[in-house]
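Colleague: give me a 3D structure for the following:
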Amino acid sequence: MPVSLKELVGEWELTSDMASLYLNKQTGELYMVRKDDMLGFEEEDSDEEDELPDWEREEREKLREIEGSKDWVPVPTRDTHEAYRVMERFCLEQDDKLVELLMNAISGKGTFRRFKDVIHRHGLEKSWYAYQEARATEELKDWLEASGIEYEA
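Modeller: The predicted structure is shown next:
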């Protein structure tokens, strides 16, 4: 079953340093895992696990499935350096009067917050989110193709 590129992009944009996204190559299923959840869940005593709520037991079962199957692969994450480069390219593609303002916003500490403030102040949010989504789509499409994973737009 092909992976939905649109769904993959949407989920991927929700990941953070605290979570990883996994893809089942056979079914196209996506599953977000908090990094803390992947550490040591299999070490717990099965008696203790019986006392857990149903949702937590189901989650642990899914984690075991992901860890024990070659069908599940981690989706690569975009590091902060690449996120910065995407912002920088967006800045450089704007009107001349905004380029300097945006480039100043993304230098030094607090880059991401200042960038968001400037795009909000100048009504560029829709343009930014469309640009960011297009870059994410390109990155993930390249990854899927390089990994030999079938997808649909």
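
Colleague: tell me how many other residues surround the residue nearest to L52 when sequence neighbours are not counted.
Modeller: Nearest residue to L52, sequence neighbours excluded (CB to CB, 6 or more residues apart in numbering): R60, at 7.5 Å. Every residue, glycine included, has its C-beta placed from N, CA and C. For R60, the tally of surrounding residues (other CB atoms under 10 Å) stands at 16.

Colleague: with D142 instead?
Modeller: Other residues close to D142 by other CB under 10 Å number 10.

Colleague: and if you look at R135?
Modeller: Using other CB under 10 Å, R135 is surrounded by 19 other residues.

Colleague: whatever helix or strand the residue nearest to L52 lives in packs against which elements?
Modeller: Of the helices and strands defined by DSSP states H and E, R60 is found in helix 54-68. Applying 3 or more CB pairs under 8 Å, 6 or more residues apart in numbering; DSSP states H and E, one finds that helix 54-68 makes contact with strand 30-34, helix 35-38.

Colleague: ok, of these, where does mean pLDDT dip lowest?
Modeller: The minimum mean pLDDT among the helices and strands packed on helix 54-68 belongs to helix 35-38 (a mean of 67).
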